[in-house]
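Novice: Okay, structure incoming, though there's no sequence with it:
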């Protein structure tokens, strides 16, 4: 568990190891808090030409506006991936109900 109360729940099957200055990390994982909050983390690769793709064993291209999103958590503005990037990351697999709900909240049907 980290200092904020989150602990790793599992690595997504498409995760791959990423070596950074202070250690080795998973490129796609889910962390959870005892109060039920979850962090669904997916690393990105940025190409020399400014394109984006998921840093996973099965990478796929993401929209050009990927890093333009803004959100609010607990009243604090935060950077996040764009609405279109959220949609792009939720294709190609059977969505669990809470992912369907998330996409509906973003205006997708």
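Specialist: It's in. What you are looking at is a predicted structure, and each value in this text was computed from that prediction instead of being measured. Residues are numbered from 1 along each chain as shown.

Novice: give me every residue that touches residue 56.
Specialist: 12, 14, 15, 16, 27, 28, 42, 43 (C-beta atoms under 8 Å, 6 or more residues apart in numbering). For every residue, glycine as well, the C-beta is placed using N, CA and C.

Novice: ok, of the residues you listed, which come out buried?
Specialist: 12, 14, 15, 27, 28, 42, 43 (16 or more other C-beta atoms under 10 Å).

Novice: Name the nearest residue to the first one, sequence neighbours excluded.
Specialist: Pointing back at residue 12 there. Spatial nearest neighbour of residue 12, chain neighbours left out: residue 28 (4.0 Å); criterion: C-beta to C-beta, 6 or more residues apart in numbering.

Novice: what sits against the residue lying closest to residue 8 once chain neighbours are set aside?
Specialist: Spatial nearest neighbour of residue 8, excluding adjacent residues (C-beta to C-beta, 6+ apart): residue 31 at 5.4 Å. Listed by C-beta under 8 Å, 6+ apart, the contact set of residue 31 reads 6, 7, 8, 9, 38, 39, 41.

Novice: Test my guess that the first one contacts residue 41.
Specialist: Spelled out, it's residue 6. No: if you go by C-beta atoms under 8 Å, residue 6 and residue 41 don't touch, sitting 10.3 Å apart.

Novice: thinking residue 66 is in contact with residue 80, fair?
Specialist: No: the pair residue 66 / residue 80 is not scored as a contact, 10.0 Å apart, by C-beta under 8 Å.

Novice: Of these two, which one has the most company?
Specialist: Using other C-beta atoms under 10 Å as the criterion, residue 66 and residue 80 rank with residue 66 on top: 21 against 15.

Novice: Many thanks, we can stop here.
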